[in-house]
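K.L.:
Generate a structure from the sequence data that follows.
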Amino acid sequence: MNKSKQSFLRRLAVIVILHLIFKQGDQTFSSALEPSLRSIVFSLYFIIYWMLFWVACSSIFSNFMKNTLEKKIWYRKLSVVTLVLLLFVIVCSIFFNWGYRIIDHYLFRFAWEEDVHFINPDIFDPADLFESIRVNPELLFGFMLLFILVYGTHIFVSSMKNVKELEVLAAQQKKESITAQYTALKNQIDPHFFFNSLSVLSSLIYESTELSAEYISHLSKHYRYILEMHSDNVVTVDKELEYLDSYFFLLKIRHEDYIRLSIALSEHTKLKCKILPHSLQMLVENAVKHNVFKKDNPLVIEILEDEDYIIIRNNLNKRRLLNESTGVGLQNIRKRYAIESNKDIILEESDNYFVVKLPKIN
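P.N.:
Purely as a prediction, here's the structure:
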């Protein structure tokens, strides 16, 4: 049996039990199982009405509480939705009471003692129907009490489930963050990269002491950023761009005019929006790794934006690799973004461009 059927049967069982309790306390019925037509009609009305009410409450709760992964926000939303549902149950209880009376008056011409217009069925006047129907405070209190009991149980179970989900997400988030840092560090301490860095540095020492000193400064800044970001899940775009500047300086010294980087981001995006650490560096690194570039056909990497995404685009001139790419870097970024922003990254490839869109984290 699937979950939806189990949930339906559980709700139905609770509603049926509550309906029997209600009928037992209603003195207009001889017993909870009175075999009269009025009793059967009331039972159907009660069960259908409150099943629909339960579905409506469940829909309001799940839609209001979805995509809430932070504990503070979850409890803040919970307080609001609880107030909304409490008002909703009051309104639904009033309408249930009215519907109950209307069924009795129209179908069975049942006369309630307080409804003087209906003591004598011969003077039944539909125009006076709504004037004669009153809110039953005992009925209203009873339904509110039952709602608080059922809803409180649901919240307790949901809270325990939410705490477990938050713990799992925190562990997954930590794992993905450590994996990303390890990947970035491994890539940059890779013997090939390290050898190239030392080779470039040895050449610069003889050509220009000032440039070699600047190269060493950017190289140290590059590694320091990797080590400093071990505990941060997100960073400001401005901070990531500062790190990217050091990384791109190292590439530029090595590849000279064969590679270009263009950045067109607003100050608001740089200072207020956040991004995953090392994500821009990984995408720039992928572009360099997978494309052929030369002086008359340089690799042009652009960092742009739209309302919701930071866009990294590069022209395509694919390199033939001996080993097929595993796509570990993109997979890592995708998984971490799924945790941090509940949005997936977007990949687009045409004949001329490869585009990656990273969601802005506000």
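
K.L.:
Need the residues that contact stretch 31-49.
P.N.:
With contacts defined as C-beta atoms under 8 Å, 6 or more residues apart in numbering, stretch 31-49 is touched by 12, 15-16, 19-24, 29, 96, 99-100, 103-104, 107-108, 110. Where you see a C-beta, it was placed from the backbone N, CA and C, and this is true even at glycine.

K.L.:
What subset of the residues you listed is buried?
P.N.:
Neighbour counting by 16 or more other C-beta atoms under 10 Å classes I15, H19, F22, K23, F29, F96, Y100, D104 among these as buried.

K.L.:
Out of those residues, which comes closest to S262?
P.N.:
I15 (62.9 Å; C-beta to C-beta).

K.L.:
what's the weakest-modelled helix or strand in this protein?
P.N.:
helix 129-132 (a mean of 51; mean pLDDT, DSSP states H and E).

K.L.:
Strands along the stretch 151-300 of the chain, start to end?
P.N.:
235-236, 259-263, 274-275, 299-305 (DSSP state E, counting those that start in this stretch).

K.L.:
Can you report how many residues lie near R319?
P.N.:
By other C-beta atoms under 10 Å, 10 other residues sit near R319.

K.L.:
ditto for F61
P.N.:
F61 has 20 nearby residues by other C-beta under 10 Å.

K.L.:
Look up which helix or strand it falls in, please.
P.N.:
helix 37-65 (DSSP states H and E).

K.L.:
The helix or strand following that helix packs against which elements?
P.N.:
Following helix 37-65 in sequence order, the next helix or strand is helix 71-107 (DSSP H and E). Judged by 3 or more C-beta pairs under 8 Å, 6 or more residues apart in numbering; DSSP states H and E, helix 71-107 is in contact with helix 37-65, helix 129-132, helix 137-189.

K.L.:
Domain parsing of this protein, as residue ranges.
P.N.:
Taking automatic domain parsing as the reference, the chain has its domains at 3-169, 190-359.

K.L.:
can you pull out the helices in the stretch 251-362 of the chain?
P.N.:
Applying DSSP state H, counting those that start in this stretch to the stretch 251-362 of the chain gives helices spanning 267-272, 279-290, 328-340.

K.L.:
So which bits of the last one are buried?
P.N.:
Residues of helix 328-340 classed as buried under the neighbour-count rule (16+ other C-beta under 10 Å) are G329, L330, N332, I333, K335, R336, Y337, A338, I339, E340.

K.L.:
ditto for stretch 47-56
P.N.:
For stretch 47-56, the neighbour count (16+ other C-beta under 10 Å) marks Y49, W50, M51, F53, W54 as buried.

K.L.:
The closest residue to I155 other than its chain neighbours: how many residues sit nearby?
P.N.:
Leaving aside its sequence neighbours, I155 sits nearest to L78 (C-beta to C-beta, 6 or more residues apart in numbering; 7.0 Å). L78: 18 surrounding residues under other C-beta under 10 Å.

K.L.:
roughly how far apart are L78 and K161?
P.N.:
13 Å (C-beta to C-beta, to the nearest Å).

K.L.:
picking up where we left off before, spatially, which two of the buried ones among the contacts of stretch 31-49 are the most separated?
P.N.:
Greatest spacing in these, by C-beta to C-beta: I15 and D104 (20.5 Å).

K.L.:
measure F64 to L304 for me?
P.N.:
Relative to L304, F64 is positioned 35 Å away (C-beta to C-beta).
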